[in-house]
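K.L.:
Turn this into a structure:
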Amino acid sequence: MSEPLHCIADALADGTQSAAAAALNSLGSQKDQRQPAKKALKTPLPPPGPPSAVSSDVEWV
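P.N.:
Residues are numbered from 1 along each chain as shown. Alright, predicted model coming up:
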């Protein structure tokens, strides 16, 4: 077991079974409230290939 799990197990071992169940249930409900960050959608780049026939001219004014 990892060190954080040992700490949790030791803390829960000192109390009653109902207290341990309540603590673990509250941890589970807190986990459900956190939502992962949404990834920003990115426009995919075109695949590499031969140069296109498209040309554009830009005039700076």
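K.L.:
now the helices for the chain?
P.N.:
Using DSSP state H, the helices assigned to the chain run over residues 3-13, 17-33.
K.L.:
buried stuff in the longest one?
P.N.:
Put plainly, it is helix 17-33. Using 16 or more other CB atoms under 10 Å as the test for burial, helix 17-33 gives A20. Glycine gets a C-beta too; all of them are placed from N, C-alpha and C.
K.L.:
Measure how far it is from the centre of its chain, please.
P.N.:
21 Å (CA atoms, centre = their mean, to the nearest Å).
K.L.:
Are there helices or strands packed against that helix, and which ones?
P.N.:
Taking 3 or more CB pairs under 8 Å, 6 or more residues apart in numbering; DSSP states H and E as the contact definition, the neighbouring helices and strands of helix 17-33 are helix 3-13.
K.L.:
now do the first one
P.N.:
Taking 3+ CB pairs under 8 Å, 6+ apart as the contact definition, the neighbouring helices and strands of helix 3-13 are helix 17-33.
K.L.:
any idea of the angle the helix it packs on forms with helix 3-13?
P.N.:
Inter-element angle recorded for helix 17-33 and helix 3-13: 140 degrees (by axes from the mean of the first three to the mean of the last three CA atoms, to 10 degrees).
K.L.:
Using CSV, list the CA coordinates for helix 17-33.
P.N.:
As requested, the backbone C-alpha atoms of helix 17-33 are provided in CSV (Å, rounded to 0.1, in the frame of the first residue of the first chain):
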residue,chain,number,x,y,z
GLN,A,17,-17.0,1.0,11.7
SER,A,18,-19.9,3.5,11.2
ALA,A,19,-17.5,6.4,11.5
ALA,A,20,-15.2,4.9,8.9
ALA,A,21,-18.1,4.3,6.6
ALA,A,22,-19.3,7.8,7.0
ALA,A,23,-15.8,9.2,6.3
LEU,A,24,-15.3,7.0,3.2
ASN,A,25,-18.8,8.0,1.9
SER,A,26,-18.1,11.7,2.3
LEU,A,27,-14.8,11.2,0.4
GLY,A,28,-16.8,9.5,-2.4
SER,A,29,-19.3,12.3,-2.5
GLN,A,30,-16.6,15.0,-2.7
LYS,A,31,-15.0,13.1,-5.6
ASP,A,32,-18.3,13.2,-7.5
GLN,A,33,-18.5,17.0,-7.1
